[in-house]
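Trainee: predicted structure and sequence below. I'll ask about it afterward.
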Number of protein chains: 2
Amino acid sequence: MNKTVSPLTLTSLQDIPLIRQGDNLADILFASLRASGLSLQNGDILVLAQKIVSKAEGRMVDLATVTPSPRAFEIATQAEKDPRVVELMLRESREVLRVRVGAVIVEHNLGFVCANAGIDHSNVSPLGEGPVERADEYVLLLPEDPDHTAAEIRAQIKAKAGVEVGVLIIDSHGRAWRNGTVGVTIGLAGMPGLVDLRGQPDLFGYTLRVTQVGAADELAAAASLMMGQAAEGTPAVHVRGFPYPLREGALKELIRPKEQDMFR
Amino acid sequence: MNKTVSPLTLTSLQDIPLIRQGDNLADILFASLRASGLSLQNGDILVLAQKIVSKAEGRMVDLATVTPSPRAFEIATQAEKDPRVVELMLRESREVLRVRVGAVIVEHNLGFVCANAGIDHSNVSPLGEGPVERADEYVLLLPEDPDHTAAEIRAQIKAKAGVEVGVLIIDSHGRAWRNGTVGVTIGLAGMPGLVDLRGQPDLFGYTLRVTQVGAADELAAAASLMMGQAAEGTPAVHVRGFPYPLREGALKELIRPKEQDMFR
């Protein structure tokens, strides 16, 4: 072979402040890239944690404003969860797949299957400024249209820096049969969700039949490693060396159609 | 924050030859690291594709030697697959979860749920030397005990180079609800499968309740990105900058116990 392959390099961005509703994430990313000693090149990808996108979009909800429906009360009893949070899960979802103590598995309005509609209690504060009274009365919903937000950030970066980058918005999901969460894509722009290798020859010249690579999800998992989950959280990661060509892309590439779902 | 975080860097190893039964993978990795201009440091991780481990272990099966059982014939009809391959899937598995055209979803003897028991038709040649007659009559089973193989490679690296590295063996799996395959762990040594962040405070001092990160699977996905799937396949990846402390680990950390499985 002997060809030289560029490494894939993922760097956590430093100095990202606590995000508030209305913040311009592209500006914040630029400042953080500078603080981290990084520049942007064509083909780089910026990966953002769902949480900062949701906060910038003002997706925080005061639970005192939520009135649970009878169905929310019923599911909340089964799941041993706050009925107001369950009410939000139902509003954010198309279908409930499973309920057990601690977990309500849904098909989210955004199309994917996930636990608790991705509603997050941790790292949420109404002022974005550390502990306040009633802080545990607030939750954070997923972004309204993460593909759209990713495209907007991508367009702003192009306008401000003249470079074509991919933008990936990720969350951490559990898996049906494996322990531990992994980073997965919830929105993207300017990069492929799936990479289709069907029809390409393998090493011995046979045609690969079914290989579609979840390339964006593989990168989401990689970036999630570099974000941490707790106090040290760094909610944005710079990626250089993504090995597939960038193109327009969308979350829906990664969503298995319901009629092909064997596990619902 | 202002702390400097090391990047995570993944580099595909060059010049890995076609692997044959009995090959010493540690020696091959050393040669390839040299050819790739890389050295090993304490804390580095080497990620290997299942395929080269299986080949080194001689896990290739000539389908002419396989006699399908009545059950294999029955499932083969439903799945539209070769009954001899289905027979091998049954031998390699504890339980069949779903059958549909093109896919038999099983709990593999190694513990995880996957399609077709991980049996691979592509890039398989009995001589390891390119196209031969009847090459499509051979399939490759998963390694017999990937944790053990990973530990052996790790021990050889320590003996030969005096460094403590992690070793991760990965395969590509489909997901229940998402399109596209992603790299996942099938064996590991000297690194964590799961990283438990439960009990750590989040940014605002609340205790995170349920966060267990599938760190090995996140790295598996990242490395899979750098392996390619087709003719350009590079079956080993060098990793520097894994952000969690290395420790002893095992595949079983990542396997959800059957009694906690909501989707079987």
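Mentor: Done, it's in.

Trainee: what residue ranges in the stretch 1-150 of chain A score low on pLDDT?
Mentor: Residues of the stretch 1-150 of chain A meeting the criterion pLDDT under 70: A:1-5, A:122-135.

Trainee: so who does residue A:248 touch?
Mentor: Neighbouring residues of residue A:248 by Cβ atoms under 8 Å, 6 or more residues apart in numbering or on different chains: A:189-190. Heads up, the C-betas are built off the backbone N, CA and C, glycines and all.

Trainee: next, it: phi, psi?
Mentor: The phi/psi pair for residue A:248 (degrees, to the nearest 10) reads phi -60, psi 150.

Trainee: can you give me the strands in chain A?
Mentor: A:8-12, A:45-49, A:60-62, A:93-100, A:103-108, A:113-115, A:138-140, A:166-173, A:182-189, A:195-196, A:212-213, A:236-240 (DSSP state E).

Trainee: most tightly packed of the ones you listed?
Mentor: Mean neighbour count, computed with mean count of other Cβ atoms under 10 Å in any protein chain shown, is highest for strand A:182-189 among the strands of chain A, reaching a mean of 29.

Trainee: tell me the contacts of the most centrally placed residue in chain A?
Mentor: With distances taken as Cα atoms, centre = their mean, residue A:170 lies nearest the centre of chain A, 1.8 Å away. Residues in contact with residue A:170 (Cβ under 8 Å, 6+ apart) are A:47-50, A:183-186, A:220, A:223-224.

Trainee: could you redo the last one with a cut-off of 10 Å?
Mentor: By Cβ atoms under 10 Å, 6 or more residues apart in numbering or on different chains, the residues touching residue A:170 are A:47-50, A:53, A:146, A:182-188, A:216-217, A:219-224, A:227, A:235, A:237.

Trainee: tell me the contacts of the closest residue to residue A:247 other than its chain neighbours?
Mentor: Once flanking residues are discounted, residue A:247 sits nearest to residue A:192: 5.6 Å by Cβ to Cβ, 6 or more residues apart in numbering or on different chains. Each residue near residue A:192 by Cβ under 10 Å, 6+ apart is listed here: A:166, A:213-216, A:219, A:242, A:244-250, A:253-254, B:180.

Trainee: how much space between residue A:192 and residue A:148?
Mentor: Distance, residue A:192 to residue A:148, by Cβ to Cβ, to the nearest Å: 18 Å.

Trainee: where does pLDDT dip in the stretch 151-264 of chain A?
Mentor: The model of the stretch 151-264 of chain A has pLDDT under 70 over residues A:199-210, A:229-233.

Trainee: how many residues are close by residue A:24?
Mentor: Per other Cβ atoms under 10 Å in any protein chain shown, the neighbour tally for residue A:24 reads 12.

Trainee: I figured residue A:177 hits residue B:264, correct?
Mentor: Yes. Residue A:177 is in contact with residue B:264 according to Cβ atoms under 10 Å; the separation is 8.1 Å.

Trainee: more neighbours: which of those two?
Mentor: residue A:177 (24 against 14).

Trainee: residues touching the more buried one, list them.
Mentor: Contacts of residue A:177 by Cβ under 10 Å, 6+ apart are A:263, B:97, B:105, B:107, B:111-114, B:173, B:175-176, B:254-256, B:258, B:260-264.

Trainee: can you list the residues that contact stretch A:61-73?
Mentor: A:74-76, A:81-91, A:96, A:104, A:119, A:121, A:124, A:126, A:134, A:136-141.

Trainee: if we go to 6 Å?
Mentor: Surrounding stretch A:61-73, the residues in contact under the criterion Cβ atoms under 6 Å, 6 or more residues apart in numbering or on different chains are A:83-84, A:86-87, A:90, A:137-139.

Trainee: and what of stretch A:146-161?
Mentor: A:25-26, A:40, A:53, A:143, A:165, A:167, A:169, A:186-190, A:250-251.

Trainee: tell me the one of these nearest residue A:196?
Mentor: Nearest to residue A:196 out of these is residue A:250 (Cβ to Cβ; 14.3 Å).

Trainee: and the closest one, what is it in contact with?
Mentor: Taking Cβ under 6 Å, 6+ apart as the test, what residue A:250 contacts is residue A:147.
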